[in-house]
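**Student:** Any chance you can model this:
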Amino acid sequence: MAYYFDEPSHTFNEYLLVPGHTPADCVPAAVSLKTPLVKCRKGKEECPLTLSVPMVSAIIAAVSGDKMAVALATEGGLSFIYGNQSIEDEAATVARVKDYKAGFVTSDVNLSPDDTLEQVVALKEKRGHSTMPVTADGSAHGKLLGIVTERDYRLSRMSMDEIVADFMTPREKLVVAPDGTTLKEANDIIWERKLNSLPMVDADDRLVALVFREDYDSHKSNPDEMLDSHKRYMVGAGINSRDYADRIPALVEAGADALCIDSSEGYSDWQKMTIEWVREHYGDTVKIGAGNVVDAEGFRFLANAAPTS
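**Tutor:** Numbering: from 1, shown residues only. Predicted coordinates for the structure are as follows:
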């Protein structure tokens with residue numbers, strides 16, 4: 001049903017924000033940007049999910065992947081993984097965010113022992129990283145055989161077809177740490193042994209991650225990180241009002257901290273039924289947002305759908 005509004009419309013250009021008095025204690029350190037993300041009883045309970053900064057990412061493929069989720073959580077916001085993909089792919093993306101350990105980096109520049117110096121140089125130029133693990137199969141989690149850094153080769157004295165196995169720093173000369181080592185313990189090793197990076201390996205000597213001296217410093221400088229009770233980055237996920245009965249369990253299992261129905265029209269029975277299904281099967285444990293709505297009536301319609309206890 002269409003509505004006609006009698007009052008005139010306005011644009012932002014018609015408004016002027018008049019600054020008020022700035023007291024001496026108005027300094028950045030005294031400002032909190034913490035913002036409740038989900039419904040709570042103000043003054044009666046602590047919000048179960050509060051953002052350090054009021055920023056979330058749009059539920060679209062061009063924006064909200066796992067890298068954006070990690071980056072935004074690092075700064076105190078929350079990303080919602082896009083839902084216009086298969087249930088399996090979306091759940092896997094959520095799982096990658098939850099598996100990502102702050103300060104522990106899965107290497108995206110990896111070599112096999114048969115690669116050449118020419119390939120090393122090309123990979124460095126493409127990725128911008130100078131530390132390259134060498135694994136048996138050239139993957140990020142293969143058996144660790146060595147590491148190549150800029151100290152291992154000199155372009156002016158070496159042939160470009162020389163293979164990595166001949167100039168890498170071999171595994172037996174590397175300082176490594178077992179999987180499960182904490183970030184603080186890894187940092188202590190890095191400083192005590194004067195290292196720039198520390199490989200983490202599992203019981204089969206397969207590469208798990210790298211810890212860099214510079215990344216630990218960055219981690220310490222981000223006190224507003226969005227971390228869950230297990231110290232994992234927090235991440236949301238987009239859902240729809242069609243396959244929610246299959247998609248939501250997979251996302252919850254993967255570790256999604258919040259869900260949001262991705263639709264341009266939120267004032268609908270379809271979204272109401274989706275929320276009711278969540279409340280029936282998960283109670284208050286699964287946090288879900290809905291929309292879009294443009295007026296108070298639409299907002300209350302969704303906010304009151306299967307209200308929490």
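**Student:** Low-confidence ranges, this protein, go.
**Tutor:** By pLDDT under 70, the weakly predicted segments of the chain are 1-2, 101-102, 215-220, 306-309.
**Student:** The chain: strands as residue ranges?
**Tutor:** 35-36, 50-51, 80-81, 132-135, 144-148, 169-170, 177-178, 197-201, 207-212, 236-239, 258-261, 288-289 (DSSP state E).
**Student:** mind listing the helices for the stretch 201-309 of the chain?
**Tutor:** 213-220, 244-254, 269-282, 296-303 (DSSP state H, counting those that start in this stretch).
**Student:** What residues sit buried inside the third one?
**Tutor:** By that I understand helix 269-282. Residues of helix 269-282 classed as buried: 271-272, 274-275, 277-279 (neighbour count, 16 or more other Cβ atoms under 10 Å). Placement of C-beta: from N, CA and C, glycine included.
**Student:** Could you list every helix and strand that that helix packs against?
**Tutor:** For helix 269-282, the contact count by 3 or more Cβ pairs under 8 Å, 6 or more residues apart in numbering; DSSP states H and E identifies helix 244-254, strand 258-261, strand 288-289, helix 296-303 as packing neighbours.
**Student:** Name the surrounding residues that touch that helix.
**Tutor:** With Cβ atoms under 8 Å, 6 or more residues apart in numbering as the test, helix 269-282 has contacts from 239, 241, 244-245, 248, 252, 259, 261, 263, 286, 288, 290, 301-302, 305-306, 308.
**Student:** which residues does Leu174 contact?
**Tutor:** Applying Cβ under 8 Å, 6+ apart to Leu174 gives the contacts 144, 146-147, 199.
**Student:** residues contacting the residue lying closest to Ser139 once chain neighbours are set aside?
**Tutor:** Excluding the flanking residues, the one nearest Ser139 by Cβ to Cβ, 6 or more residues apart in numbering is Asn110, at 6.1 Å. Residues counted as contacts of Asn110 (Cβ under 8 Å, 6+ apart) are 132-135, 138-140, 142.
**Student:** now, among the contacts of Leu174, which is nearest to Asp25?
**Tutor:** Nearest to Asp25 among the contacts of Leu174, counting by Cβ to Cβ, is Pro199 at 47.4 Å.
**Student:** Provide a list of residues in contact with that closest one.
**Tutor:** The neighbours of Pro199, taking Cβ under 8 Å, 6+ apart as the test, are 133, 144, 147, 174, 176-177, 207, 209-210.
**Student:** what do you get if the cut-off is 6 Å, keeping everything else the same?
**Tutor:** 176, 210 (Cβ atoms under 6 Å, 6 or more residues apart in numbering).
**Student:** Tell me what it is bridged to.
**Tutor:** Here Pro199 sits in beta bridges with Leu210, going by DSSP bridges.
**Student:** quick check: domain ranges of the chain?
**Tutor:** The chain breaks down by automatic domain parsing into domains covering 32-102+225-303, 117-220.
**Student:** Need the winner for burial among the ones you listed.
**Tutor:** domain 32-102+225-303 (a mean of 17; mean count of other Cβ atoms under 10 Å).
**Student:** how distant is that one from the center of its chain?
**Tutor:** Its chain's C-alpha centre and that of domain 32-102+225-303 lie 13 Å apart, by Cα atoms, centre = their mean, to the nearest Å.
**Student:** show me where the stretch 51-200 of the chain has helices.
**Tutor:** Counting by DSSP H, counting those that start in this stretch, the stretch 51-200 of the chain has helices at residues 66-75, 87-99, 117-127, 164-167, 183-192.
**Student:** Could you list every helix and strand that the longest one packs against?
**Tutor:** The reference is to helix 87-99. helix 66-75, strand 80-81, helix 244-254 (3 or more Cβ pairs under 6 Å, 6 or more residues apart in numbering; DSSP states H and E).
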